[in-house]
Every structure is written in C-alpha cells, then in structure tokens.
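Engineer: below are the sequence and a predicted model for it; my questions follow.
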Amino acid sequence: MSAPAKQKQLPHYVYLNDKNIEHYTKSTLQGKYGLLPSEAFWRERQEYLHKHGYVLRPRYWPDWQPSWLGTNLHPAYCEDSIVSFKHQVIDARRKVDDSVVAIKTFSRDSQELEVAQFLSSQQDPQNRSVPILEILDDPYDPSLLLMVMPYLRPIHNPEFTTVGEVIDFVDQTLEGLVFMHRNRVVHRDIAIENIMMDAQALYPDGHHPVRLNYTPDAIYKVTPLPRAEHRMKYYYIDFGLARRFPEGASPYVVGDVGRDTDVPELSSDVPYDAYKVDIFALGNLYFKEFEEKFHGVHFLLPLIEKMKQRQPEMRPSADEALAEWINIRSSLDKSVSRWRLAPKSEPAIGRMFNDVVAVAWEGISHLTKFTR
C-alpha cells in the first residue's frame with residue numbers, strides 16, 4: 001500500500017496569528033468580504049451557466065461560505081475572497097476544454113449583438129475582432145443576453161518590452177481596422193481599454209483571472225515568459241457603440257460618445273464621419289501609449305500626424321493608413337525590432353545601464369539558441 005501524498009506546505013505569509021484570526025473572522029462575519037450587488041447578479045445565474053457548460057468561481061455559488069472561516073488562513077490568499085469589480089463581465093471556466101472565458105451581459109436591443117456576431121462570423125486573416133463563442137438568453141431578464149468570449153488580458157500587462165512588439169501591435173490593430181471598415185463597421189470607441197490580448201503563451205500554467213499577476217489559486221506571484229519571444233494576438237472588444245452601415249449609406253452620425261475625448265469633431269448635434277473618428281482615435285492611442293512614453297519609436301510620428309489631423313477629411317482612410325504604415329515599416333532596419341523599449345521617464349544613466357543589460361541578455365539568448 002503506497003504512502004498518502006504529502007500535502008504541499010503553504011508559504012508562511014498566508015497564515016495569520018491568533019490575534020489577526022479574531023480580527024478577520026469578525027470583519028468577515030460583518031460582511032467585509034460579502035458579494036457586491038453586481039456580483040450577486042452572477043450568483044443568481046451560476047446554476048444556469050453551469051448547466052450550459054460554464055463554471056463560475058466558488059465565490060459565486062449559491063451555498064458559498066468564506067473558505068478561511070475556522071482556519072488560520074489570511075483571506076487575501078484565499079481565492080474566494082477576490083472581488084470582481086467589472087459589473088458587466090465575469091470570468092468562468094468552460095467545462096468542455098477547461099479554458100477560461102469571459103461572459104458579458106448586455107441589452108438584447110443594442111447593436112452590439114448584430115455587430116459582434118457579424119464580425120466574429122467572418123473568416124479573414126485581418127479580422128482582429130474578439131471571437132464570440134456563444135450567445136445565451138438571460139434566464140431572468142428577457143431584455144438581456146449573455147455573450148461568451150475568450151478571456152483576454154489588458155495589452156500592457158505585462159508591459160511592452162521591445163520596439164518589435166510595438167511594430168506588431170500597430171500591424172495587427174491597423175489590419176483589424178481595415179477589416180472592420182471594409183465591412184462597413186465603425187467601432188466608435190477605440191481606446192486602450194477596448195483592445196486586449198490573448199496572452200496564454202506567456203502563462204503556460206495559467207494565472208488568476210482577476211488578480212492577474214498571481215497563480216490561479218491566488219497564493220503565489222507568477223512571472224510571465226518573455227513577451228518578446230511570444231507573439232501576442234490583439235483583439236478589438238466592446239462593440240456597444242459600434243455601428244454597421246448598410247451598403248451605400250451615409251457614414252455621418254451624431255453623438256458625443258467614446259472614451260477618447262480628444263477627438264475634435266465629436267458632437268451631439270453636428271453630424272461627423274464615424275470612419276474618420278476611428279482613424280483619429282487609433283492614431284491618438286499610438287501617440288499616447290508609445291510615442292509619448294518611449295524612446296526609439298519616432299518612426300511612428302508621420303503616421304500618427306496623418307491620423308490625428310484636426311480636419312477629418314485630411315485623415316487617411318484605414319486602407320491608406322495601413323499602406324502608409326507598410327512603407328514606414330519596410331524602411332526600418334531589421335535590428336530595430338530587437339531594441340529595448342526605453343521609457344522617456346527613465347534617467348539617462350539608468351537607460352544606458354538597462355540598454356547594456358538588454359544587449360547582453362539578447363546575446364546570451366542567441367547563443368543559447370545556437371548551441372541547442
């Protein structure tokens with residue numbers, strides 16, 4: 001008979017002393033770790049989602065009791081203490097393949113359903129719209145639907161590290177914009193929050209879907225694999241303000257909407273070209289997230305300046321912007337892709353040191369690959 005498996009010893013920091021046990025027990029019983037109203041929405045739908053093949057975290061099960069009560073474990077390191085603050089979206093595991101998905105609630109009469117399903121159905125290598133895995137009726141509110149999508153991470157977590165990663169991001173996002181506009185779809189809310197990435201390749205053992213830099217059990221910090229060595233896939237998300245125009249229809253709309261408040265022509269009264277707003281917003285994203293923050297990406301400026309023209313009619317179309325970008329990219333030396341992305345906020349002496357370290361590590365990496 002084999003010996004029983006030895007239980008893994010948890011790190012010391014997950015345990016409380018006797019005084020703190022009393023404190024956390026009292027605060028838990030007083031409701032400190034209770035569900036938010038937005039979380040209660042998902043608890044009510046837990047059984048329905050489970051029947052459809054989606055498993056919510058234990059926190060959202062109807063019979064949930066905090067797992068740390070009656071133990072000496074710190075609530076912060078108990079997975080079921082972690083609150084989800086995104087009231088419209090919840091993470092889940094898909095039973096069929098154990099993959100992590102995101103489930104979003106939205107209004108049945110919004111244009112989001114039509115636009116998202118249309119884009120997701122198109123088989124095109126330039127399609128960078130988030131795939132829709134399934135649409136479910138809401139079990140309690142006939143005015144709502146539940147949209148199931150792949151789980152994605154913010155594009156800057158982990159941070160961009162090389163110029164090549166920026167080049168790839170511009171490639172994919174411009175191609176995605178061309179795809180949408182060719183299909184007469186305008187996003188109308190392009191911003192850093194509405195482009196996300198599939199970063200599974202960086203986390204082969206997974207990570208917690210809310211506490212992103214921790215293991216799925218929320219106990220250990222997790223270190224991603226080098227981003228520069230794994231190509232990320234970027235996706236446009238959130239088509240709540242998007243619109244698909246009928247063929248031949250005017251692209252002019254009204255509405256002072258969207259996250260990017262820098263777009264000059266936005267108005268609730270004066271019609272404007274929705275395609276040109278997308279162009280400005282994406283150019284502004286390139287400016288704020290890259291050119292304004294980092295050294296070594298000055299080659300983006302000619303493209304950014306054209307996309308951010310104050311007069312909408314002076315901005316290029318998506319196809320023209322992509323063609324401009326291809327010309328710029330083809331003029332770059334191949335070595336540019338390997339340059340470290342140096343923050344402009346970094347002191348000069350620190351930048352010099354970090355550049356030397358980056359070059360050394362690149363040399364070691366190439367040597368390792370060569371000797372394998």
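Structural biologist: Good, I have the coordinates. Residues are numbered from 1 along each chain as shown.
Engineer: quick one: low-confidence parts of this structure?
Structural biologist: 1-8, 348-372 (pLDDT under 70).
Engineer: excluding its backbone neighbours, what's nearest residue 310?
Structural biologist: Closest residue to residue 310 apart from its sequence neighbours, by Cβ to Cβ, 6 or more residues apart in numbering: residue 264 at 5.2 Å. The C-beta positions use only the backbone N, C-alpha and C, and glycine is treated the same way.
Engineer: list the contacts for residue 157?
Structural biologist: Residue 157 is in contact with 212-213, counting by Cβ atoms under 8 Å, 6 or more residues apart in numbering.
Engineer: and it, which of the three is it?
Structural biologist: coil (DSSP: H, G, I helix; E, B strand; the rest coil).
Engineer: quick check: the residue nearest to residue 310 touching residue 308?
Structural biologist: No - if you go by Cβ atoms under 8 Å, residue 264 and residue 308 don't touch, sitting 9.3 Å apart.
Engineer: show me the helices in the chain, by range?
Structural biologist: 18-29, 37-44, 46-51, 112-121, 163-182, 274-286, 301-307, 318-330, 348-371 (DSSP state H).
Engineer: check the ones you listed for me and report the most buried one.
Structural biologist: Ranked by mean neighbour count, these are led by helix 274-286 with a mean of 24 (mean count of other Cβ atoms under 10 Å).
Engineer: relative to residue 195, how far out is the residue nearest to residue 310?
Structural biologist: Applying Cβ to Cβ, to the nearest Å, the value for residue 264 to residue 195 is 22 Å.
Engineer: of these two, who's got more company?
Structural biologist: A count of neighbours by other Cβ atoms under 10 Å puts residue 195 above the other of residue 264 and residue 195, at 25 against 13.
Engineer: so the more buried one sits right up against residue 236, yeah?
Structural biologist: Yes - between residue 195 and residue 236 there is a contact at 5.9 Å, judged by Cβ under 8 Å.
Engineer: mutual contacts of those two, please.
Structural biologist: With Cβ under 8 Å, 6+ apart as the test, residue 195 and residue 236 both reach residue 173.
Engineer: re the thing from before, find the residues that touch each one of residue 264 and residue 308.
Structural biologist: In contact with both residue 264 and residue 308: residue 280, using Cβ under 8 Å, 6+ apart.
Engineer: contacting residues for the closest residue to residue 143 other than its chain neighbours?
Structural biologist: Using Cβ to Cβ, 6+ apart and skipping the chain neighbours, the partner closest in space to residue 143 is residue 108 (5.5 Å). Neighbouring residues of residue 108 by Cβ under 8 Å, 6+ apart: 142-145.
Engineer: pull the most distant pair out of those.
Structural biologist: 142 and 145 (9.6 Å; Cβ to Cβ).
Engineer: quick one, which of these two is more surrounded?
Structural biologist: residue 145 (19 against 9).
Engineer: you'd agree that one is up against residue 114?
Structural biologist: No - assessed by Cβ under 8 Å, residue 145 is found out of contact with residue 114, at 11.5 Å.
Engineer: what ranges does the stretch 101-250 of the chain have for its strands?
Structural biologist: Remark: strands assigned in the stretch 101-250 of the chain by DSSP state E, counting those that start in this stretch are 134-137, 144-150, 153-154, 185-186, 195-198, 233-236, 243-244.
Engineer: what sits closest to residue 188 if chain neighbours are left out?
Structural biologist: Here the residue nearest residue 188, using Cβ to Cβ, 6+ apart, is residue 241, at 4.2 Å.
Engineer: residues touching the one you found, list them.
Structural biologist: Contact analysis of residue 241 by Cβ under 8 Å, 6+ apart lists 187-189, 255, 257-258.
Engineer: equivalent analysis for residue 24, please.
Structural biologist: 16, 68, 74-75.
Engineer: how about JSON lines for those residues, with distance to residue 330 added?
Structural biologist: Putting these into JSON lines (distance: Cβ to Cβ, whole Å) gives the following:
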{"residue": "16", "distance to residue 330": "60"}
{"residue": "68", "distance to residue 330": "57"}
{"residue": "74", "distance to residue 330": "54"}
{"residue": "75", "distance to residue 330": "54"}
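Engineer: give me the buried entries from those.
Structural biologist: The neighbour-count test (16 or more other Cβ atoms under 10 Å) marks 16, 68, 74-75 as buried among the contacts of residue 24.
Engineer: wait, which of those residues is closest to residue 39?
Structural biologist: residue 75 (15.7 Å).
Engineer: that closest one reaches residue 33, doesn't it?
Structural biologist: Yes - with contact defined as Cβ under 8 Å, residue 75 counts as touching residue 33 (6.1 Å).
Engineer: quickly list what's touching both of these two.
Structural biologist: By Cβ under 8 Å, 6+ apart, the residues touching both residue 75 and residue 33 are 66, 81.
Engineer: find the nearest non-adjacent residue to residue 332, please.
Structural biologist: Closest to residue 332 by Cβ to Cβ, 6+ apart is residue 299, at 6.2 Å.
Engineer: contacting residues for the closest residue to residue 302 other than its chain neighbours?
Structural biologist: On the basis of Cβ to Cβ, 6+ apart, the spatially nearest residue to residue 302 that is not a chain neighbour turns out to be residue 328, at 6.6 Å. Residue 328 makes contacts with 299-300, 302-303, as judged by Cβ under 8 Å, 6+ apart.
Engineer: make it 7 Å
Structural biologist: 299, 302-303 (Cβ atoms under 7 Å, 6 or more residues apart in numbering).
Engineer: residue 230 is in contact with residue 204, isn't it?
Structural biologist: No - between residue 230 and residue 204 there is no contact under Cβ atoms under 7 Å: 10.1 Å.
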